[in-house]
Structure formats: structure tokens, C-alpha cells
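[1] give the three-dimensional model of this entry:
(one chain, ligands or ions: 1)
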Amino acid sequence: MRIVTVAAAQLGPIQRAEPREAVVARLMALMEEAHARGADLIVYPELALTTFFPRYYTTDAAEIDGWYETEMPGPATRPLFDLARRYRIAMYLGYAERTPEGRRFNTAILTDREGAIVGKYRKVHLPGHGAYDPERSFQHLEKYYFEPGDLGFPVWRNLGGIMGMCICNDRRWPETFRVMGLQGVEMVLLGYNTPSTNSQKPEEGPEKRLFHSNLVLQAGAYQNSTWVVAVAKAGLEDGHPLIGGSVIVNPDGEVVASAQTEADELLVHACDLDDTVFGKQTIFDFARHRRVEHYGRITAQTGVVLPTEPKA
Ligand code: CDV
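    Sure thing, here's the model as predicted:
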């Protein structure tokens, strides 16, 4: 057995005016509870230090800069890292990153038990749009605020296992999980902010959104025989609802823990990384069963290419 006890630290809403220090205090309270419940690893949501700001359009440079971290840890987040080191808890943390060159990414980091950053991931699949869209009931301006990630989908050895990261919309793309699966991933960590309604399809509400979330998480886990830990920022942010539904999924694709609220809530589960072995050696033994000679289109083309019309 190789047990990693994981704490999925769902966050309730973060209001636009909530200062970093108050948010970090909430993250630390969840870490205290995680430590008390024996966690080795705590997983926080996407953009865990701010409100989900891509819903707002602004050209105010100072306001925009205020949403990004220029160092990690920085002055506001250092107490969280200090606590993690004291408790020897590894951590996944999502935040908005601004590099010294001024590039902007939707980023997550992975730390080890010593509080050292062992992995960085920058969100590859940015949903939404790059300019203000008056047709939408609310904005989803990730393409305005971020560049697509430039680091691919690496995995890292941590806590005696192989861990990978992705962020929110990445979970809807099977390529995300498969690229990590091809590196032997045993636990995929991801945070998300998913609006409860579709801004372009008002009849698509929270039930459908939760269904789609679980559908892709469970499929990604099963098809790659890996644990998946998916953590929401949930609830009403300045009147804008986000789904909850944080889950821990086992390598059979079964949900073993799920959030019951849309508030700060901790799910704790002892995950045996050896539970990934059976699937990886049998039905999803990639080396024996994959047929890459038929998968060329996956990387050769981006959009759909329709077959030619039959001649009339
Ligand atoms: N933060 C996200 O990536 N949200 C998307 C929304 C736009 C659907 C998601 O895939 O959940």
C-alpha cells in the first residue's frame, strides 16, 4: 500500500473586495483542519486567492495588476507556506501569475512536504473570449487576462507517487488526462471555478454543470487508472453563482468523497496509489493496447475536418 491522505479544500465564494490576507486566513484554517485529520496533501481551487475575476471587464491596469501574484510565495502567501512546512503538508494552489516579463498565466503550483515548489502548471485550455462580449449575461474573459500555458502537462514524483496538475476547463479535454496517463500519473490534482449557468445558454443550470463535471472527472480517472482530486471555488461571488461539487475519484472512476455545501469545506480521503496498478496493467495497459497509428489526427489537426460530400 502507498497511502496519500488527501484533503480537498473547497472554498466558498471570495468577494471582489475581500483582501488577500483574509483569503489566506481561510486557506490556513482549512490547512489546520487538514492537519488535524491526518492529511499529507491539501488541494485548493483554481485562482484560490481572488474572486473569479475573468467575469469582469476592465482596462484599469492597477485593478488588473491587483489580481496577479508576482512572486510565490509572496508577502501575503508566505504564512501559508510556513504552515505547510510546519505540518509537512504538500499543497496544490491555484493563482493568477504575472511573470517578471509581464506575461500572465492561470497557474497552479505543487509543493512537497518541505514547502518547496516542485511543480508548476499553467492552464492550457483557456475557455471564454478575448474581448468584451455584450451578448453574454456575464463575461468569461480568460483569453483576455491570460496566455495559454506554455509548460505542457508534466508530472512530478511527490509523496512517493506520480502527480500531475491541470486547471478547470482542462478537465473537459481527454487529451489532458491522457498526456499525464502516458507518464504514469497516479494522482491528478485540479482546481476549478465553474459558473452555475452557461452565459450563452441560460437553460443550462447547475444540475447539468455538475453532471458534466463529474462525467469528465470520472472518465479521466477510469481511462487512465488514476486518482483525481477536483476542488471547486463555489457559491455566490458578488451575485454570480459557482457550482460546488468537489470530488475525490478513485482509479475505477468512482466518487469516494464529495462536497455537500458551497462553502469552505474539507473532504479527506486516504488514497492508496497502488490502486492504480491493476488498471494500468490490464485494460489500460497503454503499451499493449494503444494503436497510435490511428491517432494521427489528434495532434495533426485542431478543428473538425468533415468528410467530402458524396457526388449527387
Ligand atoms: N474556469 C473555467 O475554466 N471555467 C469553465 C467554464 C467556462 C465552463 C469550466 O470549464 O468549468
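[2] alpha carbons of stretch 285-295, as CSV, please.
    Taking Å, rounded to 0.1, in the frame of the first residue of the first chain, the C-alpha atoms of stretch 285-295 are listed here in CSV:
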residue,chain,number,x,y,z
ASP,A,285,-2.0,-1.1,-20.3
PHE,A,286,-1.2,1.5,-22.9
ALA,A,287,1.9,-0.2,-24.2
ARG,A,288,0.0,-3.3,-25.2
HIS,A,289,-3.3,-1.9,-26.4
ARG,A,290,-2.9,1.6,-27.8
ARG,A,291,-2.9,1.9,-31.6
VAL,A,292,-1.1,5.2,-32.2
GLU,A,293,-1.0,4.6,-36.0
HIS,A,294,-4.7,5.5,-36.0
TYR,A,295,-4.4,8.6,-33.7
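[3] in it, which residues are buried?
    Residues of stretch 285-295 include none that count as buried (16 or more other Cβ atoms under 10 Å). Placement of C-beta: from N, CA and C, glycine included.
[4] show me the contacts for the residue of the stretch 1-150 of the chain found nearest the ligand.
    When Cβ to the nearest ligand atom is the measure, the stretch 1-150 of the chain has its nearest residue to the ligand at residue 127, with 4.0 Å between them. Residue 127 makes contact with 140, 142, 168-169 under the criterion Cβ atoms under 8 Å, 6 or more residues apart in numbering.
[5] what do you get for residue 27?
    Residues touching residue 27, when contacts are defined by Cβ under 8 Å, 6+ apart, comprise 9, 11, 44, 48, 80, 93.
[6] can you do 6 Å?
    With contacts defined as Cβ atoms under 6 Å, 6 or more residues apart in numbering, the neighbours of residue 27 are residue 80.
[7] next: residue 25.
    Contact criterion Cβ under 6 Å, 6+ apart gives no residues in contact with residue 25.
[8] is it true that it lies in a strand?
    No - if the criterion is DSSP: H, G, I helix; E, B strand; the rest coil, then residue 25 is helix and not within a strand.
[9] all strands of the stretch 51-200 of the chain, in order?
    For the stretch 51-200 of the chain, the strands defined by DSSP state E, counting those that start in this stretch occupy 90-98, 104-111, 117-122, 155-158, 161-167, 187-192.
[10] want to throw these into TSV with mean neighbour count, mean pLDDT and distance to residue 301?
    Formatted as TSV, the entries for those read as follows, by neighbours: other Cβ atoms under 10 Å; pLDDT from 0 to 100; distance: least, Cβ to Cβ, whole Å:
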stretch	mean neighbour count	mean pLDDT	distance to residue 301
strand 90-98	24	98	30
strand 104-111	24	98	25
strand 117-122	19	98	24
strand 155-158	19	98	26
strand 161-167	26	98	22
strand 187-192	28	98	26
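[11] reformat those strands into TSV and put distance to residue 305 next to each item.
    What follows is these, written out as TSV (distance: least, Cβ to Cβ, whole Å):
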stretch	distance to residue 305
strand 90-98	35
strand 104-111	30
strand 117-122	29
strand 155-158	31
strand 161-167	27
strand 187-192	30
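[12] what would those look like in JSON lines with distance to the ligand?
    JSON lines is the format used below for the strands of the stretch 51-200 of the chain (distance: least, Cβ to the nearest ligand atom, whole Å):
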{"stretch": "strand 90-98", "distance to the ligand": "10"}
{"stretch": "strand 104-111", "distance to the ligand": "8"}
{"stretch": "strand 117-122", "distance to the ligand": "13"}
{"stretch": "strand 155-158", "distance to the ligand": "21"}
{"stretch": "strand 161-167", "distance to the ligand": "7"}
{"stretch": "strand 187-192", "distance to the ligand": "5"}
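[13] and residue 229, what element?
    Assessed by DSSP states H and E, residue 229 sits inside strand 227-232.
[14] helices or strands next to that strand in the packing?
    strand 3-10, strand 187-192, helix 206-224, strand 247-249 (3 or more Cβ pairs under 6 Å, 6 or more residues apart in numbering; DSSP states H and E).
[15] any stretches of the stretch 1-150 of the chain with poor pLDDT?
    Nowhere does the stretch 1-150 of the chain drop to pLDDT under 70.
[16] so which residues of it form helices?
    Taking DSSP state H, counting those that start in this stretch, the helices of the stretch 1-150 of the chain run over residues 20-36, 61-65, 78-87, 142-145.
[17] generate a markdown table for these, with distance to residue 99 as supplementary columns.
    Listed next are the helices of the stretch 1-150 of the chain as a markdown table, based on distance: least, Cβ to Cβ, whole Å:
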| stretch | distance to residue 99 |
| --- | --- |
| helix 20-36 | 19 |
| helix 61-65 | 13 |
| helix 78-87 | 19 |
| helix 142-145 | 14 |
